[in-house]
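Colleague: the sequence isn't on hand, but the structure is:
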Ligand SMILES: Nc1ncnc2c1ncn2[C@@H]1O[C@H](COP(=O)(O)OP(=O)(O)OP(=O)(O)O)[C@@H](O)[C@H]1O
């Protein structure tokens with residue numbers, strides 16, 4: 001391998017799913033990625049472009065996409081590793097995550113990571129090398145203390161880091177990481193950005209970033225891609241004005257009149273006479289074996305309040321929400337009051353609790369039945385429970401007639417521009433997230449829980465969803481590491497894992 005040979009050369013290339021299929025980009029693509037350059041790809045079609053760089057899709061004509069740095073017999077699609085987070089969410093079953101017995105096929109983190117190694121590496125030198133890389137990658141990604149933990153119990157941010165680690169342990173020659181920082185807290189983002197900078201040439205790295213995401217300082221070149229193809233490419237400085245234009249377009253969306261034409265008719269949040277607090281948690285603590293995750297939490301949520309639940313990856317945010325939604329075994333605790341009533345087995349059950357909650361989260365997305373149409377998926381929001389398929393959860397809530405329910409589903413789908421007859425699996429990632437958001441609000445819940453609900457949505461959808469939640473007057477608890485991707489909140493609670501008590505305050 002010559003260190004001076006280009007990594008990827010596209011020369012008037014058309015990319016197609018199959019040889020005779022339709023071109024993915026309207027215009028032919030030309031771009032050369034040199035080993036001395038560090039590229040980021042951005043724009044609306046960056047993920048498809050990254051797939052093309054990773055050797056997926058057919059390039060027409062055949063020689064229009066080449067990998068000069070690879071030896072002749074190396075197959076590009078195996079030498080290049082593409083990590084995409086948006087389409088491949090952890091398939092953790094909500095409740096199973098917190099249960100204490102495991103299925104035989106569950107793996108601990110160490111086994112999961114080691115499965116990346118080639119089984120044929122048997123000589124001592126190769127094995128020693130593997131161990132060295134294993135230790136370095138695990139340490140750099142802050143995973144050492146979790147090696148014996150079941151993969152399914154990792155938090156979202158920890159799970160992402162685990163998957164990047166596994167991608168690196170496969171020893172690709174070129175690593176393409178699409179939105180690797182999504183869902184990571186600022187500290188984890190900084191560490192990962194530093195690691196990705198230092199890796200080249202083992203492997204070379206290309207990033208996929210959203211236009212408004214900060215570009216790491218070490219990125220030297222950027223390509224901006226939309227459905228037509230590459231609209232600009234060059235050094236970071238050369239494309240700065242194109243990126244600014246994209247960000248300006250995004251910001252101007254909030255002023256578009258047609259975004260505000262939806263009236264949340266009949267969706268005035270229910271009111272309970274004489275009820276003081278919606279949620280009242282009185283000094284609760286949660287431990288996994290000896291490890292404290294939630295430390296002495298005292299939290300009162302009043303009607304109509306909007307809370308931003310903050311904290312680093314692994315600080316206990318999802319654990320807290322799972323207590324509220326009765327997905328956690330410790331949810332049955334009289335220290336948790338809802339509507340001034342302490343939770344009691346016999347008096348409350350999973351369905352009575354979730355009847356008042358609308359919930360969208362990455363976990364629900366991961367286990368959501370993909371064979372429903374968008375209409376059925378939203379309608380499923382009238383059945384109580386965060387994950388059960390409609391045939392199982394027959395508890396219908398919402399106080400509407402069937403006709404009114406159908407009308408509301410159709411109106412919401414229309415407002416959010418999603419076609420009801422499309423299969424959930426055929427929707428774009430953006431539309432899947434939108435459908436899950438509508439599913440959470442369709443029943444007009446008393447408490448709306450939005451756990452990273454807007455992340456990976458496009459700008460227009462984020463504006464529409466935020467606008468909707470801002471107009472709707474119910475109680476909201478939102479999680480999101482990026483401020484742009486949460487609705488307006490007036491209070492925050494910050495969790496610190498087991499080390500320090502949670503802190504609370506007003507958002508100015
Ligand atoms: N069953 C379990 N056994 C042991 N540890 C667990 C278990 N379930 C969760 N954890 C740990 O509890 C901690 C809190 O996880 P949680 O998912 O609540 O974090 P989070 O704040 O939501 O993180 P993120 O921002 O990454 O989504 C993590 O360190 C996680 O690894």
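Modeller: Thanks, I have the structure now. Keep in mind that what you see is a predicted model, and the values were worked out from it rather than measured.
Colleague: what about stretch 323-332, how long is it end to end?
Modeller: 8 Å (C-alpha to C-alpha, to the nearest Å).
Colleague: tell me the mean pLDDT for that stretch?
Modeller: Stretch 323-332 shows a mean pLDDT of 85.
Colleague: same check, this time on stretch 199-207
Modeller: Mean predicted confidence for stretch 199-207 is 92.
Colleague: which residues in the stretch 51-200 of the chain form strands?
Modeller: 58-60, 65-66, 80-84, 174-178 (DSSP state E, counting those that start in this stretch).
Colleague: looking at those, which is buried most?
Modeller: strand 174-178 (a mean of 25; mean count of other C-beta atoms under 10 Å). Heads up, the C-betas are built off the backbone N, CA and C, glycines and all.
Colleague: what sits against residue 85?
Modeller: 160, 163, 178, 179, 180, 182, 183 (C-beta atoms under 8 Å, 6 or more residues apart in numbering).
Colleague: so how far is residue 338 from the fourth one?
Modeller: It refers to residue 179. As judged by C-beta to C-beta, to the nearest Å, residue 179 and residue 338 stand 36 Å apart.
Colleague: cool, and the last one?
Modeller: Taking C-beta to C-beta as the criterion, residue 183 is separated from residue 338 by 28 Å.
Colleague: shouldn't residue 47 be in contact with residue 177?
Modeller: No - if you go by C-beta atoms under 8 Å, residue 47 and residue 177 don't touch, sitting 11.3 Å apart.
Colleague: which neighbours do these two have in common?
Modeller: Joint contacts of residue 47 and residue 177 (C-beta under 8 Å, 6+ apart) are residue 208.
Colleague: which residues are in contact with residue 291?
Modeller: residue 498.
Colleague: state which helix of this structure is the longest.
Modeller: helix 124-140 (DSSP state H).
Colleague: contacts for that helix?
Modeller: Contacts for helix 124-140 (C-beta under 8 Å, 6+ apart): 113, 114, 117, 121, 144, 147, 165, 168, 169, 171, 191, 195.
Colleague: how about the residues of this protein by the ligand?
Modeller: Residues of the chain lying close to the ligand by C-beta under 6 Å from any ligand atom are 98, 149, 153-158, 288, 293, 311, 313-319.
Colleague: could you check how far residue 200 is from residue 39?
Modeller: Applying C-beta to C-beta to residue 200 and residue 39 gives a distance of 11 Å.
Colleague: more neighbours: the two, which one.
Modeller: Neighbours were counted for residue 200 and for residue 39 using other C-beta atoms under 10 Å; residue 39 has more, 23 against 17.
Colleague: thought that one was touching residue 218?
Modeller: No - using C-beta under 8 Å, residue 39 is not in contact with residue 218, being 11.1 Å away.
Colleague: just give the nearest non-adjacent residue to residue 168, would you?
Modeller: residue 137 (5.1 Å; C-beta to C-beta, 6 or more residues apart in numbering).
Colleague: burial measure for the one you found, as a count.
Modeller: Residues lying near residue 137 (other C-beta under 10 Å) number 21.
Colleague: equivalent analysis for residue 216, please.
Modeller: Neighbours of residue 216 (other C-beta under 10 Å): 18.
Colleague: tally of neighbours for the residue nearest to it when sequence neighbours are not counted?
Modeller: Spatial nearest neighbour of residue 216, excluding adjacent residues (C-beta to C-beta, 6+ apart): residue 193 at 4.5 Å. Using other C-beta under 10 Å, residue 193 has 20 neighbouring residues.
Colleague: wait, doesn't residue 193 sit right on residue 177?
Modeller: No - the criterion here is C-beta under 8 Å, and residue 193 misses it with residue 177 at 10.6 Å.
Colleague: can you list residues touching both of the two?
Modeller: With C-beta under 8 Å, 6+ apart, residue 193 and residue 177 have no common neighbours.
Colleague: list the contacts of the helix or strand encompassing residue 9.
Modeller: Using DSSP states H and E, residue 9 maps to strand 8-16. Residues outside strand 8-16 that contact it (C-beta under 8 Å, 6+ apart): 22-25, 28-33, 48, 52-53, 57-61, 63-68, 174.
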